[in-house]
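Trainee: fold the following.
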Amino acid sequence: MFQPVARTSASGAVFDQISVKVLAGELAAGEALPSERKLAEAFGVSRPAVREAMQKLAQAGLVEVRQGESTSVRDFRRQAGPELLPQLLVRGGVPDLSVVRSVLEARELMGPQIAALAARRVSPEHGIELHAAVDHLAATDDPVEQQNRALAFWEFVVDGADSIAFRLIFNSLRTAYEPAMTALAAVMVAEVGQTELYRKLATAITTHDEPTSAALAGELLRSGTTAIGEALTFLEGLKP
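Mentor: Here you go, the predicted structure:
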């Protein structure tokens, strides 16, 4: 039933080191990387491990591998996908609030559309789950657990919208956001602590009120974006 747990692979370690340097700007777009042989020597790993790491980096949109030519760094802002967001959002265990704000802004823009679509398509079963999720959220005052339960509420909203495109986008944003939940707990309570607003949104969705669902979702999600924006402004004011 179970498989042995694999240790961290050499190719994964190479991927991590190079991706960190690309995302930090230490390796600039257009810059050529050393040859496969030189990289293997520098990292102390085999050439197949380097080759595998290069394939992963290329799939992530961080490098461009051309047969018979040097591998070069790509402009990840133009080439990469949302799977890079977790790496950008938390670096060295510290969340980048500018990236957090970007994630919340994207969520704020899409959330009302998802809520309206859920109001159009929600089933009675999903309605019951939505209200149960609000009750579950109301049952805790721990700020980290509140975020977990708020995410569970939005899971049901997205499921009610029955859109695979919105579902996959939601998955990417959730994966990016989750590592920062503990660090952001004190700030995000401005949103996840509004139990009654969640309850109103659940009611609007289950009664198929699309305009009210969109408006309430926008109000709710905007509170989190505003709180992060204020925190970022405060921190920027502390810089010399």
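Trainee: okay, the residue most central in space within the chain: pLDDT?
Mentor: The C-alpha lying nearest the average C-alpha coordinate of the chain belongs to Ala176 (Cα atoms, centre = their mean; 2.2 Å). Model confidence at Ala176, given as pLDDT, is 80.
Trainee: in the strand or helix carrying it, what's buried?
Mentor: Under the criterion of DSSP states H and E, Ala176 resides in helix 164-177. Buried positions in helix 164-177, judged by neighbour count with 16 or more other Cβ atoms under 10 Å: 166, 169-170, 172-173, 176-177. For the C-beta atoms, the positions are set from N, CA and C on the backbone; glycine is no exception.
Trainee: can you show me the strands along this protein?
Mentor: Counting by DSSP state E, the chain forms strands over residues 63-64, 72-73, 90-91, 94-95, given from the N-terminal end onward.
Trainee: of the buried residues of helix 164-177, closest to Ile205?
Mentor: Ranked by distance to Ile205 (Cβ to Cβ), these are led by Phe166 at 14.2 Å.
Trainee: what pairs with the lowest-mean-pLDDT helix or strand in the chain, parallel or antiparallel?
Mentor: Within the chain, no helix or strand scores below strand 90-91, which has a mean of 73 by mean pLDDT, DSSP states H and E. Strand partners for strand 90-91, identified by DSSP bridges, are recorded as strand 94-95 (antiparallel).
Trainee: before we move on, back to that, and which of the buried residues of helix 164-177 is nearest Val189?
Mentor: If you rank the buried residues of helix 164-177 by distance to Val189 using Cβ to Cβ, Tyr177 comes first, at 15.0 Å.
Trainee: now that closest one, nearest residue through space, not along the chain?
Mentor: Take Tyr177 and drop its neighbours on the chain: the residue closest to it by Cβ to Cβ, 6 or more residues apart in numbering is Val103, 5.8 Å away.
Trainee: do you know how far the one you found is from Phe76?
Mentor: In this structure, Val103 and Phe76 are 16 Å apart, going by Cβ to Cβ, to the nearest Å.
Trainee: please apply the same query to Pro86.
Mentor: Plainly put, Pro86 is 14 Å away from Phe76 if you go by Cβ to Cβ.
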